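>>> below: sequence and its predicted model.
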Amino acid sequence: MLSDGHKPRRWYSGIRFRVTLTASLVVALTLLASGITLVMLLQQSLIASLDAVATDRAQTVASLAVTGDLGPTVTNTGSESSLVQVVDASNDVVAATSNIDGQEPILAQPPSASETTVLSLDRLSAGDGPFRVVAVPVQLPTGSGWVYVATSTIQVDSAVGNLAALFGIGLPLVLVIVVGAVWRAVGQVIRPVDAIRRRASVIGGEDLSQRVPVPDSSDEIASLAVTMNEMLERLEGAALRQRQFVGDASHELRSPLAALQVQVEVALAHPEDPGSALILGNVHGQVVRMSALIDDLLFLARSVEGAPRGSTGLVDLDDLVLSELHRLRELGGPAVELDGVRAARVEGSERDLARLLRNLGDNARDHARSLVSIRLTTTEKSAEISVTDDGDGIRPEDRDRVFERFTRLDDARSRTDLGGGAGVGLSIVRQIVQDHHGTVSIEDRSDSQAGAVFLVRLPLALNGGPSRS
């Protein structure tokens, strides 16, 4: 049974029918036009040949008339079937071939112009028509006259009719062959598409492990199947990461919520207890932790929906770097040093760029053994921010994947006692960098020590320059 909103596919609405119909119409019109053209060309060629022979015959008779060698009977030449008459200025017959001897003039009136004239007549008294008549002016001993040569076109019409009949019989046969061949060929072409469609119709969001069949041919359909399988693989990976993310986010939210509930219940049960202030401090920490996680989730949701980032303008990166440096030092933990800073101004969202630095700083602090180093330099067209830690580092094969949403490489580098673990911090970094038309990459430390270097490149603002007073 078809689901609501899906109409049954009619046999005449499919690609197979439409392609076959189009091909058949094109072939039919082409053959019809070619047949009509060929018939017309054949008829014109045969008529022109008849006219040429008749003209030669008339000129030969005219030559005899001019020299006075023409008697009352014009001699036939072999199997000649044409009718020849010589008439004077009064259109009286003075000579004729035996097959028209004693008959009325072929033309009731001579042509008005004194030049060779070709006419068509439906019939003559000497025989069934139609006829082609050639009239050639001649100078007789008695004055001006005309030589008429009439040739029947029955054989021409018969030849043309036979050819037209041949096309009339052959065209439907050719169309039947074309329709059968195209129908079969298109069926073979779309058979893999139908197999892909049937398999795709049973693939649901709950099970993305299935793949569509890939035909053996190396054509566009095979490429389509491969592309669909690659898409399904990406969707399956995204679904798995999202399920993992939902589980991690649930855990991250459940833990502080449970702690909050217990501590609030204790504080309510003992409102006069001197430890209530400590409890409120712990509650504040848990609230901050949940707020940060929810804020990250909302940021990613806005990036998926294409929501605007807010106001943008000229941002002094060096001020943000120094602010992040002070924030990390106030948190305690690994030592934080400034490896160098230069004035740099970019165009973008100050709030998002501060978030970028905060996520990179927290990531380095979470995984550093003893030292985090921050550096800001500039080139001719870009500002470069590097955040270095002396932790375990990131393997080269994981350096692209670590920026994907909901990705956690391992427990050691993803879950800390500081509240991380959802795998969204670095994906937010990449999103902000992309929004500001920059790049982010992970490199090895230049001193060959263990650790990771996160390098962000952002284009400098066109109005503002790399330095300021």
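Perfect, thanks for sending it. Numbering: from 1, shown residues only.
>>> now the element after whichever strand or helix holds residue 224, going C-ward?
Element membership for residue 224 (DSSP states H and E) is helix 220-269. Next helix or strand after helix 220-269 toward the C-terminus (DSSP H and E): helix 276-305.
>>> burial check on residue 120, number of neighbours?
When neighbours are counted by other C-beta atoms under 10 Å, residue 120 registers 11. Every residue, glycine included, has its C-beta placed from N, CA and C.
>>> now swap in residue 269 and tell me
So residue 269, with other C-beta under 10 Å, has 8 neighbours.
>>> name the helix or strand for residue 459, please.
Assigned by DSSP H and E, residue 459 belongs to strand 452-459.
>>> likewise for residue 314?
Short version, using DSSP H and E: residue 314 is in strand 313-316.
>>> partner strands of that strand, parallel or antiparallel?
Strand 313-316 sits in its sheet next to strand 345-348 (antiparallel), going by DSSP bridges.
>>> please state the offset of stretch 383-395 from the chain centre?
On the basis of C-alpha atoms, centre = their mean, to the nearest Å, stretch 383-395 sits 42 Å off its chain's mean C-alpha point.
>>> err, stretch 16-33, not the other one
That offset, for stretch 16-33, works out to 25 Å (C-alpha atoms, centre = their mean).
>>> as CSV, could you dump the C-alpha coordinates of that stretch?
What follows is stretch 16-33, C-alpha atoms only, in CSV (Å, rounded to 0.1, in the frame of the first residue of the first chain):
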residue,chain,number,x,y,z
ARG,A,16,11.1,4.5,-20.0
PHE,A,17,7.9,5.5,-21.8
ARG,A,18,8.9,9.2,-22.2
VAL,A,19,12.3,8.3,-23.7
THR,A,20,10.8,5.7,-26.0
LEU,A,21,8.0,8.1,-27.1
THR,A,22,10.5,10.9,-27.7
ALA,A,23,12.9,8.7,-29.7
SER,A,24,10.0,7.2,-31.7
LEU,A,25,8.7,10.7,-32.6
VAL,A,26,12.1,11.9,-33.6
VAL,A,27,12.7,8.9,-35.8
ALA,A,28,9.2,9.0,-37.3
LEU,A,29,9.5,12.7,-38.1
THR,A,30,13.0,12.3,-39.5
LEU,A,31,12.0,9.3,-41.7
LEU,A,32,8.8,11.1,-42.8
ALA,A,33,10.7,14.3,-43.7
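>>> quick one on the thing from earlier: who touches the strand holding residue 459?
Outside strand 452-459, the residues that touch it by C-beta atoms under 8 Å, 6 or more residues apart in numbering are 317, 346, 348, 356, 360, 363-364, 367, 381-389, 391, 393-394, 429, 433, 436-446.
>>> pLDDT of the helix holding residue 224, averaged?
Average pLDDT, helix 220-269: 76.
>>> what helices and strands are in contact with that helix?
Secondary-structure packing of helix 220-269 (3 or more C-beta pairs under 8 Å, 6 or more residues apart in numbering; DSSP states H and E): helix 154-201, helix 276-305.
>>> packing partners of the first one?
In other words, helix 154-201. Packing contacts for helix 154-201, counted by 3+ C-beta pairs under 8 Å, 6+ apart, involve helix 15-67, helix 220-269.
>>> for those, which one sits closest to residue 165?
helix 15-67 (10.2 Å; C-beta to C-beta).
>>> so after that closest one, what's the next helix or strand?
Moving toward the C-terminus from helix 15-67, the next helix or strand (DSSP H and E) is strand 73-74.
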